[in-house]
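*Asks:* Sequence and computational prediction follow.
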Amino acid sequence: MTIKDRMIRLVILVWFALFSLTIIYPMIWLGLSGLKSNSDFFLNTWSLPKEWLWGNYKAAWDAGIGQFFLNSVLVSTVSVVTVMLLGSMAAFGLSRFRFKGMNVLLIIILCGLMLAPQVGLISLYKMLQVIGLYNTYWALILPYVSFQLPFSIFLMRSYFLSIPRELEESAIIDGCNNWKVYWHIIVPMGKPIIASCALLTGMNVWNEFMFALVFVEDSSLRTIPVGLMNLRSQLNTNFGIQLAGLAISALPMIIVYIIFQRQFVRGLTAGSVKG
Amino acid sequence: MTKTNQNARTAILFILPALLLILSFVFLPIVLNLFYSLYRWNAFEAGRVFVGLEYYIRLFKDPIFYTALKNNFLFAVISLMFQVGGGLIIAAILEDKLIRKFQPFFRTVIFMPSVVSIVVVGLLWQLIYNPEIGLVNGALHAIGQSDWAHSWLGDSKTAIYAVVAVSQWQYTGYMTMLFLIAMQKIPAEYYEAAMMDGASRIKTFFSITVPQIKEMILVGTVVTVIGAFKVFDEVYIMTFGGPGRSTEVLGTMLYRAAFRNDEMGYASTIGTMIFLITLTLSLIQLKLGKSGQEV
Amino acid sequence: MRLKTKVLVVVTLIFGLLITGCTSATGGENSSDKIELKFLHKWPQPQYAPYFEDVVKEFEKQNPNIKINMEAIADEPMKDKLRVVLGGNDVPDIMFSWSGEFAKKFVRAGAALDLTSYLNEDTAWKNSFIPASLQPFSSDGKNYGIPLRFNGKFFVYNKDIFDKYQLKEPKNFDEFLQVLETLKQGGETPIILGNQGPWAAIHYLTGLNQKMVPNDVRLKDYNPRTGEFTDPGYIKAMEMLRDLNKEGYFMENVNASSHDMALQLFFAGKGAIFYVELEEFPDIEKNLKGNWDFFAMPPIKEGKGNQNFITGAPDGFIVSSKTEHPKEAIAFLKFLTSKENAVKLAEQLGWPSPIDGATNPDTALKQVVEGVDMMKEAEGMVEWLDTDVHAKVAGVYLTNIQLLLDGTKSPEEIMKEVQDVAKQVQMD
């Protein structure tokens, strides 16, 4: 390594370290501020808490974050599982068969990727009321699944296309039908991409705000993002509790991401030359 | 003959559940939305009055519509610069063998904001921007640039940039990750060959990296541009379109019409406009995507 | 085939989980002999919610055949959500509403139940309210809402700072301006204002409009059917507000802080005066410990409106016209506004109650009692501008007030927009 290279590396590392700091510091600050009282927060905004009020976290949890958290878990899990199942089936259908009209179907599904959810906000609100699903978990799950499917199908299809066909051909000779090929060959082979899609879908669903704001009203059904907005009072907010609530809602996704990020990257790069 | 028929039937069986959901919850609402935009109605009153294209005429006369368009456009341009342009450069640097050792760490960190809910990010940045206690002004004071201290979200001239900046902070890592993934598929031999020829880093970046991940750049560009017209949460949470209506985007304009001003018809009209804009952008994408595949 | 069944099992399992999740959330349908009432209020925050939980629990104990399903949505989301909720199939029987135009639009749409007969049936109940608290909830002589709180807006000041400059409570607006000038000269921040949520400055304008514009003209303009907003007093009122900022009497960057953040600055002694609601008094006492007092917006000499009005309004509950159990809903509202619970409201939350005598020196803070007395003695009340005019007019006021303060728009320009929207609203 030349001296010039070392210098470049140093400059770049310093730059990246600073960049990382602007990301990590606010997050740590968020967690710490959740331990403060209002006056401590406003007078010593950027220092450590004078008194570590762990009670704020409990208060935020009891103030409904607990319930919202469970709702988010339920809605996200069901949405992710449904998207993975229906999405991989559709991707299988679109990658392993050739038939008239397939391109049209593909374009329809890919168009779904481009459409802004706002366009459907008003009509979905009306539709859900007419079919009686407004203000139920379904009012979130069905739109979430429908809006998340296109991207997952898109990713899974291109992955499935890269799976060699020899395996299934021999399976078919052995008398496997299409369901078996799908379930015993494609799904296990496609695990990496399914895992990546699951993470992406889960992330989007967990954080979705607009539909959650409009399509449910009972606090027993609210998901975390909307619930957080409700902790804010106009006149006197307890900022410690509010920030504790924010921290509670951010943490699970960060943890899940850190744990699964290897699989996540692997799923999206699999099939590449450099592992 | 019978075999292909059977094949098609099986394929459709596999596709059907997803297709039905997408058709009924993504496409049907768009059609209904067109219908709703022709009526005057509100959420809590029964009955509606046919007004034809009245709301469309009004929309084109509404100065806020142009503010919103301009803001969405700003979102698109700045995001292209930072998320696509910046993301590309960051990814290329992280892939360079000088830095690659540190890649997993930095990759993880810069992607992190995009897994955090926009509600959390928005409320957090509201505090960071606060002129009294916020970190931004605090940092400016600390480095002796007190003149630059500013009421970022409170000034109708800077608020939209402040909101857009948060979006860059949050999503640049996401784009970087997509580019990294694409770059890792580039065969190493290409770089080795270039090195032998004595090509500089910058030259390899333009002659190998960019052409090799062209498709991902295209996807990234389209996702970013269309994403810029889907913006809602950031603005709703940080400014609700204020100060004044300086940060209004099409999404918040729609929401305000529907749920503050009791004009569902007008909101649907705005929805139709968002649809037309994203549709046009999607068509351009499909066209570009095709020519991209041919290469 | 075996695989198909496997998939089927998985699918059924997921959906089964979902359905059980749904039913447990909506409370199930097995308790059909019980009357269920859905009750929607706007205080989900941990410091307020327990009061309502207690009241509901006590009511359910006394009325074992009624079950109350309570819901709460915070202040700001409530402004959008109530409309959404009212359009749903499952409209709450009892729901929060501000008084004035905000409630009247639901009355016009036939969404709110006429409560006049229930009030007249039980005169003891009707008479227990301070009359000025029922009036803003009425339309064409009929009552549509039951007030829970009786809120007023007052200037509170930090006594330490006032004493330092030997200042006294101003008796009129000119004296008020002198007080502000003295404070400014002394290097203090005269007024704290957090206008990120623009309702904060709208509350100033509520009082200024009322004091500058003749009462009958203002009432005509605030009515969506007849609003014109051509009186020069409206422009004058905005100029006065703008000048408070121009002269440097407000803190810097008013549009960048929210009211709740600004409140913390006031607590920290970083400003002398803060314009707050009566319901905030207990919080101020908690932080300033007797070191504060308050005064109403002082009279304006050249103003054409009644100078003895106070800014403030009751807020409370309306009953859905779709309710299947109006009797039970009324019974709950009666219970909620009983003297006993009103006293609890004053004691526990420190809120001013509209029930005559509930807010007294034994139950409430001295200043809260004084505030309620001032409201009782006032010749009238003026309700919040942003809930007292048509939503679209309110929207124009709300969005433009920030631009007025940062100097982007002039009062004339803004009033022109208000007039245009008022015309549009008349035609709708």
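*Replies:* On my side now, so go ahead.

*Asks:* CA atoms for contacts and neighbours, from now on please.
*Replies:* Noted.

*Asks:* Quick one: residues contacting residue C:398.
*Replies:* By C-alpha atoms under 8 Å, 6 or more residues apart in numbering or on different chains, residue C:398 lies in contact with B:244, C:198, C:199, C:202, C:386.

*Asks:* which of those residues count as buried?
*Replies:* Those of those that meet the buried threshold are B:244, C:198, C:199, C:202, C:386, by 16 or more other C-alpha atoms under 10 Å in any protein chain shown.

*Asks:* Residue C:386 is in contact with the third one, correct?
*Replies:* Yes: applying C-alpha atoms under 8 Å as the test, residue C:199 and residue C:386 come out as touching, 7.0 Å apart.

*Asks:* Can you give me the neighbour number for residue C:63?
*Replies:* 13 (other C-alpha atoms under 10 Å in any protein chain shown).

*Asks:* Look up phi and psi at it.
*Replies:* phi -120, psi 80 (degrees, to the nearest 10).

*Asks:* for the one 3 residues further on, same thing?
*Replies:* Taking degrees, to the nearest 10, you get phi -110, psi 140 for the backbone angles of residue C:66.

*Asks:* so it bridges to which residues?
*Replies:* residue C:35 (DSSP bridges).

*Asks:* Report the contact partners of it.
*Replies:* C:34, C:35, C:36, C:37, C:60, C:328.

*Asks:* rewinding a little: can you put the contacts of residue C:398 in CSV and add secondary structure, pLDDT and distance to residue A:34?
*Replies:* Converted to CSV, the contacts of residue C:398 look like this (DSSP: H, G, I helix; E, B strand; the rest coil; pLDDT from 0 to 100; distance: C-alpha to C-alpha, whole Å):
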residue, secondary structure, pLDDT, distance to residue A:34
B:244, coil, 86, 31
C:198, coil, 90, 27
C:199, helix, 91, 28
C:202, helix, 95, 32
C:386, helix, 88, 33
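
*Asks:* Of those, which ones also sit close to chain A?
*Replies:* Among the contacts of residue C:398, none lies close to chain A by the criterion of C-alpha under 8 Å from any C-alpha of the partner chain.

*Asks:* Just give me the closest of the residues you listed to chain A.
*Replies:* residue C:199 (9.9 Å; C-alpha to the nearest C-alpha).

*Asks:* so which helix or strand takes in residue 35?
*Replies:* No chain in the question, so chain A it is. Using DSSP states H and E, residue A:35 sits within no helix or strand.

*Asks:* that's the other chain; I wanted chain B
*Replies:* Applying DSSP H and E, one finds residue B:35 within helix B:28-36.

*Asks:* Give me the helices and strands touching that helix, please.
*Replies:* Other helices and strands packing on helix B:28-36, by 3 or more C-alpha pairs under 8 Å, 6 or more residues apart in numbering or on different chains; DSSP states H and E, are helix A:117-130, helix B:264-294.

*Asks:* Can you tell me how far residue B:32 is from chain C?
*Replies:* 18 Å (C-alpha to the nearest C-alpha, to the nearest Å).

*Asks:* Just give me the neighbour total for the nearest residue to that residue once chain neighbours are set aside.
*Replies:* Ranked by C-alpha to C-alpha, 6 or more residues apart in numbering or on different chains and with sequence neighbours excluded, the top spatial neighbour of residue B:32 is residue A:123, at 6.0 Å. Residue A:123: 24 surrounding residues under other C-alpha under 10 Å.

*Asks:* Report the contact partners of whichever residue of the stretch 51-200 of chain C sits closest to chain A.
*Replies:* Nearest residue of the stretch 51-200 of chain C to chain A: residue C:74, at 5.1 Å (C-alpha to the nearest C-alpha). Residues counted as contacts of residue C:74 (C-alpha under 8 Å, 6+ apart) are A:230, A:231, A:232, A:233, C:42, C:43, C:44, C:45.

*Asks:* so what's the residue lying closest to the last one once chain neighbours are set aside up against?
*Replies:* Okay, so that is residue C:45. Nearest non-adjacent residue to residue C:45, counting by C-alpha to C-alpha, 6+ apart: residue A:231, 5.7 Å away. When contacts are counted by C-alpha under 8 Å, 6+ apart, residue A:231 touches A:63, A:237, A:242, C:44, C:45, C:74.

*Asks:* mind checking the SS state of residue C:400?
*Replies:* Secondary structure, DSSP: H, G, I helix; E, B strand; the rest coil: residue C:400 is helix.

*Asks:* what's the weakest-modelled helix or strand in chain A?
*Replies:* Across the helices and strands of chain A, mean confidence by mean pLDDT, DSSP states H and E is lowest for helix A:166-173: a mean of 79.

*Asks:* Can you give the contact residues for that helix?
*Replies:* Under C-alpha under 8 Å, 6+ apart, the answer for helix A:166-173 is A:181, A:185.

*Asks:* following that helix, which helix or strand comes up?
*Replies:* helix A:178-180.

*Asks:* And for whatever helix or strand comes next after that next one, what's in contact with it?
*Replies:* Past helix A:178-180, further along toward the C-terminus, the next helix or strand under DSSP H and E is helix A:187-189. Helix A:187-189 is contacted by residues A:88, A:163 when judged by C-alpha under 8 Å, 6+ apart.

*Asks:* Would you mark the buried spots in the helix or strand following helix A:187-189?
*Replies:* Sequence order places helix A:191-207 as the next helix or strand after helix A:187-189, per DSSP H and E. For helix A:191-207, burial by neighbour count (16+ other C-alpha under 10 Å) applies to A:192-207.

*Asks:* What subset of the contacts of residue C:74 is buried?
*Replies:* Buried, going by 16+ other C-alpha under 10 Å: A:230, A:231, A:232, A:233, C:42, C:43, C:44, C:45, out of those.

*Asks:* Which of those fall in helices?
*Replies:* Counting by DSSP state H, those place A:230, A:231 in helices.

*Asks:* Out of the buried ones among the contacts of residue C:74, flag the one nearest to residue C:185.
*Replies:* Closest approach between those and residue C:185, by C-alpha to C-alpha: residue A:233, at 34.5 Å.

*Asks:* Report pLDDT for the closest one.
*Replies:* On pLDDT, residue A:233 comes in at 69.

*Asks:* same question, the one 10 residues further on
*Replies:* Per-residue confidence for residue A:243 comes out at a pLDDT of 89.
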